[in-house]
Each structure stands twice: as C-alpha cells, then as structure tokens.
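Engineer: Using only what follows, build the 3D model:
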Amino acid sequence: MYFIKSKEELEEFGRFFDDKFYIAGAGNYGGKLGLYFNSKNISWIGYVDVREQGSLHGKEICSYEGIKYREYERVLISSIGYAQDICDMLIKNGVEKNKIVCLECNEIIINILLDTRFYPRFEDKVKKIKNIHKGKRGFVIGNGPSLDLSDLEKLKNEITFASNSIYGMYNY
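Structural biologist: Below you'll find the predicted structure:
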C-alpha cells in the first residue's frame with residue numbers, strides 16, 4: 001500500500017494515473033476528492049463503495065465485489081478513519097495490495113476544502129464573519145455519540161462553533 005503525504009502529491013498521483021483509478025468511498029470525503037479531481041481536469045473511473053449501484057458527480061459507483069471485474073491501475077481510499085477496513089475489503093475482493101493508495105492524514109482533505117480556487121464562495125463566507133466575535137468568549141463543540149441536547153442547552157446564550165452535522169440533533 002502506498003501513502004500520499006500532501007495535496008500536491010495527490011494531484012501528481014491523479015495526473016499520473018489519469019483515467020486509471022477508482023476512489024474507494026462515495027461518502028463525504030470521497031465526494032470531495034471526486035469534485036477536486038474534476039476541478040483539476042483529472043479523469044478517474046468512478047467510485048467503489050458498499051452501495052451496489054448508482055452514481056455520484058457523474059461517475060458510476062461500483063460495489064466492492066464488482067471491482068474484481070473492472071480494469072484499473074489504482075484504488076485511492078478516501079477515508080483515514082476507515083482506511084484499514086476499506087483496504088481489507090478491497091483485498092478480499094481481489095485488489096492487489098500494491099494497487100491500493102491511501103491518504104496519510106486528514107490535512108490533505110482539509111487543504112482541499114480550504115482551497116479557495118476549489119470552493120471560491122467559502123472565502124467570501126469567511127470574510128463576512130471574520131472577527132465578528134473578536135475579544136469575546138466562544139466554545140467549539142466537538143459533537144460525538146455522547147453529546148445530547150441537554151449539553152447544548154447549557155451553551156444557549158454563548159457563542160458556539162460546531163461541526164460534523166450538528167444540525168442533525170435538532171428537529172426542524
């Protein structure tokens with residue numbers, strides 16, 4: 001297995017294996033990688049995922065079992081947290097270990113998300129809120145499985161920043 005260490009190395013990988021690789025994982029990170037490659041005019045074959053059919057960003061989603069019937073040079077794993085599980089599933093379905101490529105760290109995805117050329121509207125949104133709470137107390141909410149609404153009620157009148165789909169805790 002080969003590890004990609006930077007956004008620049010990821011782009012080099014994409015250009016070298018242009019139209020010869022799959023992205024393993026059609027979730028959030030895999031989707032962002034697909035959009036990134038599209039924005040750089042790098043061709044890739046499609047996604048490998050537990051979903052057995054469908055498409056995302058104009059690319060076919062192939063099942064893990066179906067990968068054994070496809071032609072490709074590499075499979076790029078999009079998830080850091082599930083990389084070993086995905087790698088095991090790929091190997092189980094006939095992908096050679098030397099054809100599996102992984103991102104070494106989440107910073108690569110973060111750098112893609114922060115690339116203002118890739119998400120030009122993101123920069124405008126950040127500029128609008130920059131320093132609006134300067135000098136005031138604020139809380140960063142790291143929501144996980146143990147977080148519940150009673151925890152959030154304690155922060156009702158505070159300045160808060162949250163991530164990871166926190167909106168899912170509320171009924172609209």
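
Engineer: only C-alpha atoms for contact and neighbour calcs from this point on.
Structural biologist: Fine.

Engineer: quick one: secondary structure of the most centrally placed residue in the chain?
Structural biologist: The residue lying closest to the centre of the chain (C-alpha atoms, centre = their mean) is Y29, at 1.1 Å. Here Y29 is recorded as helix under DSSP: H, G, I helix; E, B strand; the rest coil.

Engineer: Now it: closest residue in space that isn't a chain neighbour?
Structural biologist: S78 (5.8 Å; C-alpha to C-alpha, 6 or more residues apart in numbering).

Engineer: Next, count neighbours for that neighbour.
Structural biologist: 26 (other C-alpha atoms under 10 Å).

Engineer: List the residues that contact G31.
Structural biologist: G25, L56, H57 (C-alpha atoms under 8 Å, 6 or more residues apart in numbering).

Engineer: hang on, the earlier thing: my guess is the residue nearest to Y29 contacts Y22, does it?
Structural biologist: No: using C-alpha atoms under 8 Å, S78 is not in contact with Y22, being 10.1 Å away.

Engineer: helices and strands of this protein: which one bottoms out on pLDDT?
Structural biologist: Within the chain, no helix or strand scores below helix 120-129, which has a mean of 72 by mean pLDDT, DSSP states H and E.
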